[in-house]
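> structure for this input, please:
(chains A and B)
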Amino acid sequence: DAKTTQPPSMDCAEGRAANLPCNHSTISGNEYVYWYRQIHSQGPQYIIHGLKNNETNEMASLIITEDRKSSTLILPHATLRDTAVYYCIVRVATQGGSEKLVFGKGTKLTVNP
Amino acid sequence: NAGVTQTPKFQVLKTGQSMTLQCAQDMNHEYMSWYRQDPGMGLRLIHYSVGAGITDQGEVPNGYNVSRSTTEDFPLRLLSAAPSQTSVYFCASSYVPRGQDTQYFGPGTRLTVL
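Numbering: from 1, shown residues only, chains lettered A, B, ... in the order given. Below is the predicted model of the structure:
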């Protein structure tokens, strides 16, 4: 019951920007959008998160549309080491009142030399 | 800090055997959780805990038990292993489950049930 939709795969040339889209049309006003990535056989790694403003850190930039129904993760200068599965996640409130991350199938990004 | 550690890294069980997957974190995080990941699928939440003495079920809890007696440790128990439990298991922790927080994942335990 992931609340996000992502393309299953994308390709990007090394050194170019990688733009990974995500749709979250049912997002609530107080729900954050999180991005994680998983490099082969490793545990997921946090990248960035945001609520409604664009965010940037040392790894990536996150662009959230004004209506918050979609977002784009930008890796400005993709390297071969950025090849991974990228997960766009919206926190889901549980019946018990806490929250959890619901991972979908993500986008498999392949950076080509 | 060692972060989130998991043991063992690999395990092979026979159907019906029991075992415990260990997870520990040294970051004083309140929130800990267990996920499983099957080929071609994303991570699915098994159980989670919002603090010592408190646990709750995730999406796929059947066949697994957890307990949280300390802040640092969150073991996952398989009482009677089944081939359907063959998977990669990840433990994660975060300071609080809400708001602007991030989860830190362990390296995973690869379990095969024959």
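> where along the chain do the strands fall?
No chain specified, so I'll use chain A. When secondary structure is read from DSSP state E, chain A shows strands at A:9-13, A:18-23, A:33-38, A:45-50, A:55-56, A:61-64, A:70-75, A:84-93, A:99-101, A:107-112.
> the intended chain is chain B.
Along chain B, the stretches classed as strands by DSSP E are B:4-7, B:10-13, B:19-25, B:31-37, B:43-51, B:54-57, B:64-66, B:76-78, B:87-94, B:104-105, B:109-113.
> right, and residue B:92 touches residue A:103 too?
No - the criterion here is C-beta atoms under 8 Å, and residue B:92 misses it with residue A:103 at 10.7 Å. All C-beta atoms are positioned from the backbone trio N, CA, C, and that covers glycine.
> overlap of the contact sets of those two?
Common neighbours of residue B:92 and residue A:103, using C-beta atoms under 8 Å, 6 or more residues apart in numbering or on different chains, are A:44, B:35.
> what's around whichever residue of chain B sits closest to chain A, how many residues?
Nearest to chain A, among the residues of chain B, is residue B:105, at 3.3 Å (C-beta to the nearest C-beta). By other C-beta atoms under 10 Å in any protein chain shown, 22 other residues sit near residue B:105.
> try the one 5 residues further on
Counted with other C-beta under 10 Å, the burial measure for residue B:110 works out to 16 neighbours.
> contacting residues around it?
Residue B:110 makes contact with B:9-11, B:88-89 under the criterion C-beta under 8 Å, 6+ apart.
> my read is that the residue of chain B closest to chain A contacts residue A:37, right?
No - using C-beta under 8 Å, residue B:105 is not in contact with residue A:37; the gap is 10.9 Å.
> joint contacts of those two?
Shared between the contact lists of residue B:105 and residue A:37 (criterion: C-beta under 8 Å, 6+ apart) are residues A:44-45.
> returning to what we had before: could I get the strands of chain B in CSV, plus columns for mean pLDDT and distance to residue A:60?
Converted to CSV, the strands of chain B look like this (pLDDT from 0 to 100; distance: least, C-beta to C-beta, whole Å):
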stretch, mean pLDDT, distance to residue A:60
strand B:4-7, 96, 22
strand B:10-13, 96, 32
strand B:19-25, 97, 25
strand B:31-37, 92, 23
strand B:43-51, 90, 20
strand B:54-57, 92, 32
strand B:64-66, 97, 33
strand B:76-78, 97, 31
strand B:87-94, 94, 20
strand B:104-105, 92, 18
strand B:109-113, 97, 29
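> point out the most buried one among the ones you listed.
Compared across the strands of chain B, strand B:31-37 shows the largest average neighbour count, a mean of 25 (mean count of other C-beta atoms under 10 Å in any protein chain shown).
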